[in-house]
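Peer 1: Predicted model follows, preceded by the sequence.
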Amino acid sequence: MYIPIPMNDEHVAMDDTIRHLLARSVALEDVRGVLDLGADGLRNTTVWKQASAIGLPGITIPEQYGGMGGTPLDMFVGFRAWGKVVHPSPLFSSIALAAPALVQAGSVAARKEHLPGIASGEVLAALAAYEDSAGWDLDRITTTATPSQDGAYLLTGRKLQVLDLTGADVVLVVARADFGIGLFAADRDDPGFTDEPLTSFDLTRSLSHLELNRVPARLVSDEHDCAPQLREALREAELCLVADCIGGAEAALDMAISYAKVREQFGRPIGGFQSIKHKLADLAVTVEGMISSGWTAAEEAEAGGKTAYDDLLLAKIYCTDAYYRVARANIHVHGGIGFTWEHPAHLYFRRAVANSMLLGDEDVDRSTLFARLVSRQAGEGA
């Protein structure tokens, strides 16, 4: 802990529980196991089963559907603690992306059908929204949903960088129908459903492109434009991403400090050299800034403040960039050993690089934040 965070007793207990659950996790061994097992490895790790047993997959899901009914602060605490160990799991894809989309935009019937299984950790879900020309901009979605004779829909389009698609039991697709943007559950067994696995830089998560050629699908949102609800779900995912970045950066910095205390050069620990001291001090200030901005974003989201989205964008911009800098510096402090497969430093660096691109382009976020600030300032001036 670098700066005190006003966590309540429940948050402290959650943080301790996750920390103890992950304390026995050996990230490199788990990564190797997932790579060997493929998509099924995500759900079959001991850590994921233990996390499911304590109800962590339900953190973004309301209690009436078997979840924890977590608030934004709960999500921040949970994903920050999980981010400290870059463990391969479907937590982000299924719980930070797909579950909020169902909670916010799903119909009552769809929530009852899918959310209890997701909350238990037994059902894995993936959200396919990102497109080449549109990114995460829902107003520019080109994937189409055409009504079929049997009352279902046929999906046609291409989704990029779908997280953990290969192992998902439920694939939720954002598509444009005659009523606007809708959320659909695609039939992944249909011949028109093509999963194109990619080589992911982040070894703890799988990525795929998804080709949809008249794939049958069920509408799981109500029959009206659900773009506003999906945007709210994306904000939850962005807060979880910020928390993941903060936890990872804290762990990477702790790793660098610990190594600087024991690695000797010229007869003394390298942490005693001024250049290393300054580097670590600068990184500590960076991490404190991450914690402060992330916690503020979570507090504002929980309070429903007018500037909540501005605070979230600011935290996302700062924390994704800062995580990259801290993870890279951790490798530098470790020297030669930090570049090897056997040392976990590269897992944090890989996660940091992936996080910086996972939920949209930083330039777009900066432009959006700038436009919002200018607009608000103009309104106040008027």
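Peer 2: All right, it came through fine.

Peer 1: Could you point out which residue ranges in the protein have low pLDDT?
Peer 2: Along the chain, segments meeting pLDDT under 70 span 1-4, 24-44, 264, 379-382.

Peer 1: any chance you could map the strands in it?
Peer 2: 125-128, 144-147, 153-163, 170-177, 180-186, 193-197, 207-219, 264-265, 268-269 (DSSP state E).

Peer 1: And the last one, what does it pack against?
Peer 2: Identification of packing neighbours for strand 268-269 by 3 or more Cβ pairs under 8 Å, 6 or more residues apart in numbering; DSSP states H and E yields helix 227-262. (Glycine included, C-beta is placed from N, CA and C.)

Peer 1: Centre of the chain to the helix it packs on, how far?
Peer 2: Averaging C-alpha positions (Cα atoms, centre = their mean, to the nearest Å) puts helix 227-262 8 Å from its chain's average.

Peer 1: Likewise for stretch 178-195?
Peer 2: 23 Å.

Peer 1: Give me the buried positions along that stretch.
Peer 2: Using 16 or more other Cβ atoms under 10 Å as the test for burial, stretch 178-195 gives Ile181, Gly182, Leu183, Phe184, Ala185, Ala186, Asp187, Arg188, Asp190, Phe193, Asp195.

Peer 1: Those: which two are farthest apart?
Peer 2: Ile181 and Asp195 (23.0 Å; Cβ to Cβ).

Peer 1: how about the buried residues of stretch 178-195 in a markdown table, adding distance to Thr320?
Peer 2: Shown next, in a markdown table, are the buried residues of stretch 178-195 (distance: Cβ to Cβ, whole Å):
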| residue | distance to Thr320 |
| --- | --- |
| Ile181 | 26 |
| Gly182 | 30 |
| Leu183 | 26 |
| Phe184 | 29 |
| Ala185 | 30 |
| Ala186 | 29 |
| Asp187 | 35 |
| Arg188 | 30 |
| Asp190 | 36 |
| Phe193 | 31 |
| Asp195 | 27 |
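
Peer 1: which one of the strands of the chain lies closest to Ile118?
Peer 2: Of all the strands of the chain, strand 125-128 comes closest under Cβ to Cβ, at 5.4 Å.

Peer 1: Got the domain ranges for this structure?
Peer 2: Domain assignment for the chain by automatic domain parsing gives 9-120, 125-225, 228-381.

Peer 1: I'd like the strands of the chain as JSON lines, with distance to Phe349 appended.
Peer 2: Shown next, in JSON lines, are the strands of the chain (distance: least, Cβ to Cβ, whole Å):
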{"stretch": "strand 125-128", "distance to Phe349": "25"}
{"stretch": "strand 144-147", "distance to Phe349": "39"}
{"stretch": "strand 153-163", "distance to Phe349": "19"}
{"stretch": "strand 170-177", "distance to Phe349": "30"}
{"stretch": "strand 180-186", "distance to Phe349": "34"}
{"stretch": "strand 193-197", "distance to Phe349": "22"}
{"stretch": "strand 207-219", "distance to Phe349": "17"}
{"stretch": "strand 264-265", "distance to Phe349": "23"}
{"stretch": "strand 268-269", "distance to Phe349": "23"}
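
Peer 1: Pull the number of nearby residues for the residue nearest to Leu212 when sequence neighbours are not counted.
Peer 2: With Cβ to Cβ, 6 or more residues apart in numbering as the criterion, Leu212 has its nearest non-adjacent residue at 4.4 Å, and that residue is Leu155. Neighbours of Leu155 under the rule other Cβ atoms under 10 Å: 28.
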